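Student: coordinates only, sequence not included:
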Ligand code: HBI
Ligand code: FE
């Protein structure tokens, strides 16, 4: 029985879509099995990512002194992050309502799920657990430019909450923070948390001929729907984290008005004006677990 379900069922019967609220990490509550799941996932991804993940991610792993032997303590990571970028982690039960999520990001507080998946979920879990959140997202919080992008993104989300624009911001988060690629002198590299925390997509995102790889263009990206049942049918490629940060500088209100007047693009579609880094074959989509 997953700790999460047990926790929530004692509180609120069936699983709510959102498990609101900040909790304590309660590090002593982790079992040997929990630490073993962290170890297996950490070692598997650490073997895959050199040469695939961007340098900034690998540097973040080192800065945080993350290792396989035990689940990291949020309090230890916070000492490093506060000193480097002013970010800190808060332990949460799971997904938060969008506005609450944006408010935390705008205050440089990143919500990290306190529980880790069960051994039988080792290859896929449909909602973010500690491994996805911590291993996937936290290393880049040690990078000042990416950290500033994420804080600006959160502030934009708080502003947008009143407008009917959350779907556009969800796409921006999905195609950058979760599934973004970056162009480097050594070639394409991964920075998205959803990729670096997934064995299959760490390989597919760089090596498969199926998906499109399209140059980052903010409005085009926010027009693009995404699927949660396959690996990405399109990846958006930035040139630098500064490009990402600069894109969030303008006020988005005008963008939202234009976007609301346009038809969305399908996840695998190529649009006129796209900077094609690599055109996908458009077939052979890899289905992910039972999302
Ligand atoms: N809540 N804890 C948590 N973690 C997320 O990544 C998260 C969330 N709530 C909303 C959300 N992500 C997405 O809808 C973003 O696109 C806003
Ligand atoms: Fe995530």
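Tutor: Thanks, I have the structure now. Note that this is a predicted model, so its numbers are computed, not measured. Numbers count the residues shown, from 1 in each chain. Ligands and ions are numbered 1, 2, ... in the order given.

Student: what about the strands in the stretch 51-200 of the chain?
Tutor: Secondary structure of the stretch 51-200 of the chain (DSSP state E, counting those that start in this stretch): strands at 88-92, 109-113, 181-184, 187-190.

Student: Distance from the second one to the middle of the chain?
Tutor: Meaning strand 109-113. On the basis of C-alpha atoms, centre = their mean, to the nearest Å, strand 109-113 sits 11 Å off its chain's mean C-alpha point.

Student: other SSEs contacting it?
Tutor: strand 88-92, helix 98-106 (3 or more C-beta pairs under 8 Å, 6 or more residues apart in numbering; DSSP states H and E). Any C-beta I mention is one placed from the backbone N, CA and C, and that applies to glycine too.

Student: of all these, which lies closest to ligand 1?
Tutor: Comparison of the helices and strands packed on strand 109-113 against ligand 1 by C-beta to the nearest ligand atom identifies helix 98-106 as nearest, at 3.8 Å.

Student: anything in that closest one near ligand 1?
Tutor: Yes: using C-beta under 6 Å from any ligand atom, we find that helix 98-106 touches ligand 1 at 98, 101.

Student: Go through that helix and flag the buried ones.
Tutor: 98, 100, 101, 102, 103, 104, 105, 106 (16 or more other C-beta atoms under 10 Å).

Student: does the last one really touch residue 160, like I thought?
Tutor: No: contact between residue 106 and residue 160 fails when scored by C-beta atoms under 8 Å: they sit 11.4 Å apart.

Student: Compare the strands of the stretch 51-200 of the chain and report which one is nearest to residue 143.
Tutor: Smallest distance to residue 143 across these (C-beta to C-beta): 11.4 Å, for strand 181-184.

Student: tell me how far the closest one is from the chain's mean position?
Tutor: 16 Å.

Student: Parallel or antiparallel, list what pairs with it.
Tutor: The strands that strand 181-184 pairs with in its sheet are strand 187-190 (antiparallel), strand 234-238 (parallel) (by DSSP bridges).

Student: Quick one: residues in contact with the helix or strand following the longest one.
Tutor: What it means is strand 234-238. Moving toward the C-terminus from strand 234-238, the next helix or strand (DSSP states H and E) is helix 241-247. The set of residues external to helix 241-247 that reach it, using C-beta atoms under 8 Å, 6 or more residues apart in numbering, is 56, 143, 145-146, 148-149, 152, 176, 180, 182, 191, 216, 218, 238.

Student: Name the nearest residue to the residue nearest to the spatial centre of the chain, sequence neighbours excluded.
Tutor: By C-alpha atoms, centre = their mean, the chain has its centre lying nearest to residue 178, at 3.0 Å. Closest residue to residue 178 apart from its sequence neighbours, by C-beta to C-beta, 6 or more residues apart in numbering: residue 194 at 4.0 Å.

Student: What spatial separation is found between the one you found and ligand 2?
Tutor: For residue 194, the distance to ligand 2 (C-beta to the ion, to the nearest Å) stands at 6 Å.

Student: What's the local residue count around that residue?
Tutor: If you count neighbours by other C-beta atoms under 10 Å, residue 194 ends up with 22.

Student: ok, now which ones touch it?
Tutor: Contacts here follow C-beta under 8 Å, 6+ apart; on that basis residue 194 touches 132, 136, 178, 179, 201.

Student: swap in residue 148?
Tutor: Residue 148 makes contacts with 85, 245, as judged by C-beta under 8 Å, 6+ apart.

Student: again with the one 3 residues further on
Tutor: Residue 151 makes contacts with 105, 106, 108, as judged by C-beta under 8 Å, 6+ apart.

Student: In stretch 269-282, which residues are buried?
Tutor: Here stretch 269-282 shows 269, 274, 277, 280 as buried, counting by 16+ other C-beta under 10 Å.

Student: Kindly report the same for stretch 26-36.
Tutor: By neighbour count on 16+ other C-beta under 10 Å, the buried set for stretch 26-36 is 30, 34.

Student: one step back: just checking, which of the contacts of helix 241-247 belong to helices?
Tutor: 56, 145, 146, 148, 149, 152, 218 (DSSP state H).

Student: Grab the nearest non-local neighbour of the fifth one.
Tutor: If I follow you right, that is residue 149. Counting by C-beta to C-beta, 6+ apart, the residue nearest residue 149 is residue 245, at 4.3 Å.

Student: do the first one as well
Tutor: Across the structure, with C-beta to C-beta, 6+ apart as the measure, the residue nearest residue 56 apart from its sequence neighbours is residue 143 (4.6 Å).

Student: Am I right that that neighbour is in contact with residue 58?
Tutor: No: the criterion here is C-beta under 8 Å, and residue 143 misses it with residue 58 at 10.9 Å.
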